[in-house]
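Trainee: sequence first, then the predicted structure:
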Amino acid sequence: MIGSVIKQEDTQWIPPVDAVLEMHSGTSPAAIYPDTVWMQLKNCIIIAAGDTFKAGETGGQARISLTAGNLAAHTHSGSTSTDGAHTHTVSGSIQRNWIFGPGPTAYRNKRLNVATFSTSSAGAHTHTATIGSAGGGQAFDIMNPYYAVNIWQRVG
């Protein structure tokens, strides 16, 4: 394999305490380096320490739910105009059916009335608009694509 490091049988090198090894194999490095103690790091990623992240710090989470405080600042607005005193008019029709006499020879009379209805004036007024809420508050993944390996840190 090109670029791989192979442990030679005649070497006496042993990783120092605090060394971190990434391996696909699930075998503890203690099986490779006798008289050493290793701790397996699980369910986390390794990030380079520096000004933002100090060595040994932990944090983060794989899944989150946003709250209103996490959203970009924004507004919702709505308005209505004042149109002064006015009424609203509705036109409609009423159909009436009368049946005179018994049985199939009954006389049927259909009458169609058309009517217009108006509301009374409420004077000058405005209307209030309510803008409803949105969203379901479901948690979502924030993980980058990854390839999992076994990570071991020498602790003794």
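Mentor: Here it is on my side, so go on. No experiment lies behind these values; they were computed from the predicted model shown.
Trainee: just give the nearest non-adjacent residue to M23, would you?
Mentor: Ranked by C-beta to C-beta, 6 or more residues apart in numbering and with sequence neighbours excluded, the top spatial neighbour of M23 is N150, at 5.1 Å. (Glycine included, C-beta is placed from N, CA and C.)
Trainee: do the same with E22
Mentor: Counting by C-beta to C-beta, 6+ apart, the residue nearest E22 is V149, at 4.9 Å.
Trainee: how much space between the one you found and T58?
Mentor: Separation of V149 from T58 (C-beta to C-beta, to the nearest Å) stands at 19 Å.
Trainee: cool, and G26?
Mentor: 23 Å.
Trainee: about what we covered before: check contacts around the residue nearest to M23.
Mentor: Counting by C-beta atoms under 8 Å, 6 or more residues apart in numbering, N150 makes contact with 22-26, 40.
Trainee: thinking again about what came up before, more neighbours: which of V149 and T58?
Mentor: The residue with more neighbours, out of V149 and T58, is V149; 12 against 6, by other C-beta atoms under 10 Å.
Trainee: surely that one is in contact with H24?
Mentor: Yes: shown here, V149 and H24 form a contact pair, counting by C-beta atoms under 8 Å, at 5.6 Å.
Trainee: and the contacts of stretch 25-39?
Mentor: So stretch 25-39 is contacted by 7, 14-15, 21, 23, 40, 150, 152-156 (C-beta under 8 Å, 6+ apart).
Trainee: again, 10 Å this time
Mentor: 7, 13-17, 19-21, 23, 40, 149-156 (C-beta atoms under 10 Å, 6 or more residues apart in numbering).
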